[in-house]
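**Q** Quick one, what's the 3D model for this:
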Amino acid sequence: MVADARYSLWNGPGTSFAVQTAPLPHELHPDEVLVAVDLATICGSDVKTVTGRRPGPRPCVLGHEQVGTVAAVGANAAVAVGQRVVWSVTASCGRCTRCEITPQKCVNVKKYGHEPFDTARPLTGGLAAHCLLFPGTTVVAVPDTISDGVAAPASCATATAAAAVAAAGSLQPGMRVLVAGAGMLGITATAMLAQLGVTVVVYEPDRRRQERALLFGAAAVTAEPVDGADAALELSGRAGLVQICLDALTVGGTLVLAGSVSPGPSIALDPERVVRNLLTITGVHNYRPTDLQTAVGFLAAHQHHYPFADLTAGRWPLEQLDEAFRAALAGTAARQSVRPGR
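**A** You can find the predicted model right below:
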């Protein structure tokens with residue numbers, strides 16, 4: 001194993017990424033795992049952080065969507081050296097009052113790609129050749145049948161989509177579900193919902209994204225408000241779409257909000273309508289360990305039913321992260337990916 005790891009440090013909006021090196025740990029805590037990052041993808045929240053539209057620590061090693069190969073393990077690790085894995089965006093302590101029910105909101109939570117830079121532990125993000133996993137991280141083995149480009153988004157987009165679909169409640173074939181936004185989250189959720197047999201209507205004004213949503217199982221796409229939805233998933237983070245989703249619900253409907261992870265304007269809420277129509281409004285942020293397991297299982301079973309392989313592009317080295325983020329900011333159809341070890 002190499003003695004040092006390369007990582008890319010982000011110092012704040014308007015600055016360039018700086019590639020640096022840090023020594024790999026000689027010994028691991030019993031519950032730690034060291035992973036060599038094979039491929040990382042640039043999430044939309046990474047782009048918002050870099051452009052200053054989303055608060056984040058600075059300096060920081062960004063990246064929380066990645067797939068890698070286990071390089072070293074502590075004595076208590078449940079994975080083995082050489083296994084190909086993805087890991088959860090959060091690490092939980094397992095002891096606090098939140099961990100039993102909402103471990104992703106652990107009082108002592110650690111979050112990959114979102115931790116303030118610490119010279120004593122710099123390898124905390126996916127935009128690095130190695131990532132040192134905290135104790136309490138969910139690690140899921142990835143079958144060899146899933147390519148790096150399909151597997152990497154499981155750690156954020158795919159698992160979050162699984163969490164959003166689960167939060168919509170008991171969905172039965174024939175129900176009508178509105179998905180707002182046809183980015184990576186939206187089309188992944190669309191595919192998952194289609195496999196449940198529900199009728200998926202995708203709200204998306206962009207014509208190119210509309211066409212892509214149809215490839216991922218949407219029964220219809222629209223840029224106009226709809227009604228009669230048994231559930232609505234808002235996955236874009238745009239306040240106007242939150243309102244469209246809320247207005248679309250029929251009696252007993254459920255609104256799942258997962259896209260609003262940055263500050264934004266408020267929307268109008270009529271409490272009487274919520275009460276009389278028995279509406280449910282729930283939020284999803286990060287996800288539970290089972291959602292990551294669901295994500296990997298879904299990709300293994302359905303990656304060839306839908307064009308997941310077309311959703312990532314680039315394969316940038318760490319030295320070209322500035323260019324990679326410019327490509328991501330340009331709004332290309334695919335997620336930009338990085339080969340940190342190259």
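**Q** switch to C-alpha atoms for all contacts and neighbour counts from now on
**A** Fine.
**Q** for the longest helix seen in the chain, which positions count as buried?
**A** Ranked by residue count, the top helix of the chain under DSSP state H comes out as helix 289-302. By 16 or more other CA atoms under 10 Å, the buried positions in helix 289-302 come out as 289, 291-300.
**Q** swap in stretch 129-145?
**A** Within stretch 129-145, the residues scored as buried using 16+ other CA under 10 Å are 129-142.
**Q** Those residues into a markdown table, with extra columns for pLDDT and secondary structure?
**A** Listed next are those as a markdown table, based on pLDDT from 0 to 100; DSSP: H, G, I helix; E, B strand; the rest coil:
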| residue | pLDDT | secondary structure |
| --- | --- | --- |
| Ala129 | 97 | coil |
| His130 | 98 | strand |
| Cys131 | 98 | strand |
| Leu132 | 98 | strand |
| Leu133 | 98 | strand |
| Phe134 | 97 | coil |
| Pro135 | 97 | coil |
| Gly136 | 97 | coil |
| Thr137 | 98 | strand |
| Thr138 | 98 | strand |
| Val139 | 98 | strand |
| Val140 | 98 | strand |
| Ala141 | 98 | strand |
| Val142 | 98 | coil |
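**Q** on that earlier part again, export whatever helix or strand comes next after the longest helix of the chain to PDB, keeping only CA atoms.
**A** Downstream of helix 289-302, the next assigned helix or strand under DSSP states H and E is strand 312-316. Listed in PDB are the C-alpha atoms of strand 312-316, where the atom choice follows Å, rounded to 0.1, in the frame of the first residue of the first chain:
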ATOM      1  CA  THR A 312     -22.000   9.900 -15.200                       C
ATOM      2  CA  ALA A 313     -19.200  11.300 -17.400                       C
ATOM      3  CA  GLY A 314     -15.800  12.900 -17.300                       C
ATOM      4  CA  ARG A 315     -13.400  10.800 -15.300                       C
ATOM      5  CA  TRP A 316     -11.400  13.900 -14.200                       C
END
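**Q** Summarise which helices and strands strand 312-316 is packed against.
**A** helix 148-151, strand 335-338 (3 or more CA pairs under 8 Å, 6 or more residues apart in numbering; DSSP states H and E).
**Q** Pick out the most distant pair among the buried residues of stretch 129-145.
**A** Ala129 and Gly136 (21.4 Å; CA to CA).
**Q** Could you break the chain into its assigned domains?
**A** Following automatic domain parsing, one finds the domains of the chain at 4-145+303-338, 159-283.
**Q** out of those domains, which comes closest to Pro153?
**A** domain 4-145+303-338 (5.2 Å).
**Q** Tell me, how many residues neighbour Pro30?
**A** Residues contacting Pro30 under the criterion other CA atoms under 10 Å number 12.
**Q** Need the pLDDT of it.
**A** Looking at Pro30, its pLDDT stands at 96.
**Q** Ala3 now?
**A** pLDDT, Ala3: 83.
**Q** what number of residues lie near it?
**A** The tally of other residues near Ala3 (other CA under 10 Å) stands at 9.
**Q** in the stretch 1-150 of the chain, which spans are strands?
**A** Using DSSP state E, counting those that start in this stretch, the strands assigned to the stretch 1-150 of the chain run over residues 4-9, 18-23, 33-41, 66-73, 84-91, 110-111, 130-133, 137-141.
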